[in-house]
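[1] Below: sequence and its predicted model.
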Amino acid sequence: MQGAVISGDIIAWTSLSVESRIMIEKGLDKLLQEIEVKYDVFGRVVKGDYIECVIPDPGQALRVALAIKCFVKAIKIEDTETDVKNNRIRAFRTFGIRLAIGYGQLTRFDKAKGIIDGEAIYYSGRIISDLSTYNKHRMAIKESIYFASADNALNNKIDPIIALLDHTLMKATGRQSMVLYMKLMGLSEVEIANELAITQSVVNQHSTAVGWNAIEKAVLYFKDLFTQEI
C-alpha cells in the first residue's frame, strides 16, 4: 500500500539535562497517544530521542508533522545560565525536533508486531540518518522539516511549502507553538482558551502572530495533492 512515514529525532538530545530528557520522553508519550486518537497514527519512540510514525492517510502527513514539531517546541526545558550560553540548547529551543516525511510503498506494516518496512520509512529514515548531529562538535541547522518520495514532480511541489513552514515555525515561541499544536489537532479557539486558561482574544493574537491562516492553507494544499494522487 502507498503510505507516509514520519521519522524524527530530538535536536541536541545529548546536550539536554536528564530532567529535560525525562520531560520530553513523557511529552512524546502523550503526543503519540493524542495523534493516534485523532489521526489513527501508529507512533513509537526509539531510544528516547527518535520517533517513527505511520500515517494511514498520506494527505494528513504534513498536518501531523507540524503538530509534532509544535508540541516539542512548546516543551519548556530547564533555563539555566549554562544552557543560555550553549548553542546546542538554543538549537533545541529554536527547532525542537528534526522531521522527515517519506512517501511511498509500505510493503510490510504490522502494528501489533511493530513492523514497518518499505519505501516510505526508507526515505524518511535516510534523511534523518544523513542529517544526524550526534557527537558532532558543530551544529549548523538550516532546515528541520523534509519531504522525500520517488516522484520528483511531487517533491518539487511540496519542497517550497515545507521550507516556508519551517522558517515560520522556527520563529514561534513556546506558547505560540502550543496554540498551533491545538489548532492542528482540531480544537477551536474557545477550547484552546479554556485549556490554557487564557482568553480567546489572546489565543487569536498568538495564532495570527505566527501565521495560522497560511499554515492552514498549506496543510490543506498538501492534503489536496494526495487526493489528486489517489
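    Structure's in. What do you need?

[2] Can you tell me, leaving aside adjacent residues, what's nearest to residue 225?
    Spatially, and ignoring its direct neighbours in sequence, residue 225 is nearest to residue 157 (6.3 Å; CB to CB, 6 or more residues apart in numbering). Bear in mind the C-beta positions are built from the backbone N, C-alpha and C, glycine included.

[3] How much space separates the one you found from residue 59?
    For residue 157, the distance to residue 59 equals 13 Å [CB to CB, to the nearest Å].

[4] Of those two, which one has the most company?
    residue 59 (19 against 14; other CB atoms under 10 Å).

[5] mind checking pLDDT for that one?
    pLDDT, residue 59: 96.

[6] Does it touch residue 225 like I think?
    Yes: contact criterion CB atoms under 8 Å: residue 59 and residue 225 qualify, at 7.4 Å.

[7] looking at this, residue 100 is in a strand?
    Yes: assessed with DSSP: H, G, I helix; E, B strand; the rest coil, residue 100 lies in a strand.

[8] Contact partners for it?
    Residues near residue 100 by CB atoms under 8 Å, 6 or more residues apart in numbering: 6, 7, 8, 123, 124, 125, 127, 128, 145, 146, 147, 148.

[9] Can you classify the second one as helix, strand or coil?
    The three-state assignment at residue 7 reads strand, by three-state DSSP.

[10] For residue 157 and residue 59, list the residues in contact with both.
    Shared contacts of residue 157 and residue 59 (CB under 8 Å, 6+ apart): residue 225.

[11] Output the lowest mean pLDDT helix or strand found in the chain.
    Using mean pLDDT, DSSP states H and E, helix 81-84 stands out as the lowest-scoring helix or strand of the chain, at a mean of 50.

[12] Any chance of CSV for the contacts of residue 100, columns neighbour count, distance to residue 94 and pLDDT?
    Converted to CSV, the contacts of residue 100 look like this (neighbours: other CB atoms under 10 Å; distance: CB to CB, whole Å; pLDDT from 0 to 100):
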residue, neighbour count, distance to residue 94, pLDDT
6, 26, 20, 97
7, 26, 20, 97
8, 27, 15, 96
123, 22, 25, 93
124, 30, 22, 95
125, 17, 24, 93
127, 19, 19, 93
128, 20, 18, 92
145, 25, 13, 96
146, 24, 17, 97
147, 24, 21, 97
148, 21, 23, 96
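
[13] just for this structure, where's the confidence low?
    79-85, 132-140, 228-230 (pLDDT under 70).

[14] Show me where it has its strands.
    Ranges of strands within the chain are 2-10, 42-46, 50-55, 97-110, 115-118, 145-148, based on DSSP state E.
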